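Structure of the sequence below:
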Amino acid sequence: MKYAIIDLCFSENKQASRGLSAMYLAWEMQKRGIQEYPVRDADILLVSIQSVDAVPQLKTLRARHKDKVIICGGSASTTPFSVGLHCDLVCVGDGQRFLEVLFTDGVEGAKKLPNTWVHGETRRVEIDNGFPWHMPPMQAEDGAYRVWAGRGCKKKCKFCPTGYSFVYSENPDGDRLARDARLLISQGKRVAYLSNDLMQHSFAAKLPDVEHGSFSVEYMRKNGLPKARQIRIGVEGVSQRLRTFVSKPISKRDVVDCTVWLNENKKSVRWFMLAGLPSETSEDWLELRESIQEWKRLTSKGVLGVSFTAFIPHPGTPFALEKVTDDYWGNYLEFKDWFFGGIGFSNRVKLMFPQQPEQRVKKAMFTLGLSESQVREGGHQSPNNRLLYPYQKQIDAALSHKSGAGGAS
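Residues are numbered from 1 along each chain as shown. Below is the predicted model of the structure:
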């Protein structure tokens, strides 16, 4: 069989550019001596799809190549229903075992794997957690080399697929990871660690400093200054009440004080915030205003980015049945007007806007595999529930309780 690789982050005529998932596919083929072919000559297209936002591109690809077998994998595979509508197979989760079987036993062999989703089947499908820690550092589009520190998350925030779709694991050879990073840096290369919270790893203290990384208030309190100049913090809810509600109880005091401390140590900070969490009100947004004002009052140094993403219910999490409303957008616009109106403005604060309601609803529909009315009503089971998420028993109990109580809150 002849294989081609497609990364849906890029158009079909710009496949010289690739993300890490597609680069991994190429590496797996190269080490086996399997030739990569142009799309026009291939029998099988191995497609990397990192977000369900790319489902329309996948649909177009399917229409253009009806005669080819299309196999999808990547981050979007943990919500495979919408992806599976437009391909032959979805490799759910990590692909190491899947590729081994595909290259030796062909498509029919790969179809039988427990982590293979085929549209129309009814059997339960697992998420594979066999991450290939042995692969080498890879240079991403921004020029920095990615080294793999961890997968999943120790925390279980109720909204977050990172903690619920994968069992937490870390690189089993932290010494090698540190050596790789030091070697790259000594050669003048930039390095970025792939981890949602670098200080949670047992080998974190061994790693050399890099330009940016993701860290939590909890682990920075335990371990001191993080090994990066640009610090990303998953604050999530716009208020302490919301953060407690989603099982991420970071206090307003901790958010502000930690940011001031980082700025005073010459580190820039970005808060990652979720807009539109269940039960969110305009009062919650007032606390975010207060937090920014307090930060401005306590320090005249440093830069703060505030990056918003609109909450979307994700199957396999306790918030899977929550409804999707547009209320958050009015709250955000009021916040934006307050900021740019002069009261909250600072040229040291950079705002990144959330998705607008139309885009948010479309992504929720692709993520859940439901209609717009079902997404807006909440309380509907996703066809992705054919997937056996790692914490399925806890999720089933939570969803059963919500269904018995009459749907989403």
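
drop to CA atoms for contacts and neighbour counts, all remaining ones
Will do.

Quick check: Arg182 vs Asn331, distance?
The gap separating Arg182 from Asn331 is 45 Å, by Cα to Cα, to the nearest Å.

An error on my part: the question was meant for Val217.
Distance, Val217 to Asn331, using Cα to Cα: 26 Å.

Phi, psi for the most centrally placed residue in the chain please.
Geometric centre of the chain, nearest residue: Thr162, 6.5 Å, by Cα atoms, centre = their mean. Reported as degrees, to the nearest 10, the phi and psi values for Thr162 are phi -60, psi -40.

dump the residue contacts of it.
Thr162 makes contact with 152-153 under the criterion Cα atoms under 8 Å, 6 or more residues apart in numbering.

One more: Gly19?
Counting by Cα under 8 Å, 6+ apart, Gly19 touches 7, 9, 140-141.

Point out the ones among those residues that are inside strands.
Taking DSSP state E, the ones among the contacts of Gly19 that sit in strands are Asp7.

roughly how far apart are Asp7 and Lys68?
16 Å.

who's more crowded, these two?
Asp7 (24 against 17; other Cα atoms under 10 Å).

so that one sits right up against Val47, yeah?
Yes - checked against Cα atoms under 8 Å, the pair Asp7 and Val47 is within contact range at 5.8 Å.

any shared contact partners between the two?
Ala22.

picking that back up, would you turn the contacts of Gly19 into TSV with distance to Ile395?
Compiled in TSV, those are given as follows (distance: Cα to Cα, whole Å):
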residue	distance to Ile395
Asp7	32
Cys9	31
Ala140	35
Glu141	37
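
Excluding residues flanking it in the chain, which one is nearest Asp53?
Lys363 (6.1 Å; Cα to Cα, 6 or more residues apart in numbering).

In which helix or strand does the one you found reside?
Assessed by DSSP states H and E, Lys363 sits inside helix 357-368.

Pull the helix or strand following that helix out as PDB, backbone CA atoms only.
Per DSSP H and E, the first helix or strand lying C-terminal to helix 357-368 is helix 372-377. Output in PDB follows, covering the C-alpha atoms of helix 372-377 (Å, rounded to 0.1, in the frame of the first residue of the first chain):
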ATOM      1  CA  GLU A 372     -27.700  22.900  17.500                       C
ATOM      2  CA  SER A 373     -31.000  22.600  19.400                       C
ATOM      3  CA  GLN A 374     -29.600  19.700  21.400                       C
ATOM      4  CA  VAL A 375     -26.400  21.600  22.200                       C
ATOM      5  CA  ARG A 376     -28.400  24.700  23.300                       C
ATOM      6  CA  GLU A 377     -30.800  22.600  25.400                       C
END
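
chain center to stretch 121-139: distance?
Centroid separation for stretch 121-139 versus its chain: 15 Å, with Cα atoms, centre = their mean, to the nearest Å.

would you list every one of the helices in the stretch 51-200 of the chain?
Using DSSP state H, counting those that start in this stretch, the helices of the stretch 51-200 of the chain run over 55-64, 80-84, 96-111, 161-165, 174-186.

Okay, buried residues for the last one please.
If you call a residue buried by 16 or more other Cα atoms under 10 Å, then helix 174-186 has these buried ones: 174, 177-178, 180-182, 184-185.

Tell me which other helices or strands the helix holding Lys363 touches.
Taking 3 or more Cα pairs under 8 Å, 6 or more residues apart in numbering; DSSP states H and E as contact, the helices and strands that helix 357-368 lies on are helix 80-84, helix 372-377.

Give me the contacts around it.
Under Cα under 8 Å, 6+ apart, the answer for helix 357-368 is 52-53, 55, 79, 81-82, 310, 312-315, 324, 326, 329, 371-372, 375-376, 382-384.

cool, stretch 44-64 as well?
By Cα under 8 Å, 6+ apart, the list of residues contacting stretch 44-64 from outside reads 1-9, 21-22, 25, 39, 68-77, 79, 82-83, 86-87, 363, 366-367.

Now do it: distance to the chain's middle.
The answer for stretch 44-64 is 18 Å, by Cα atoms, centre = their mean.

okay, how far is it across it, tip to tip?
So stretch 44-64: terminal residues 13 Å apart, Cα to Cα.

What mean pLDDT does that stretch get?
Stretch 44-64 carries an average pLDDT of 96.

Name the residues of that stretch that are buried.
Going by neighbour count (16+ other Cα under 10 Å), the buried part of stretch 44-64 is 44-55, 57-58, 61-62.
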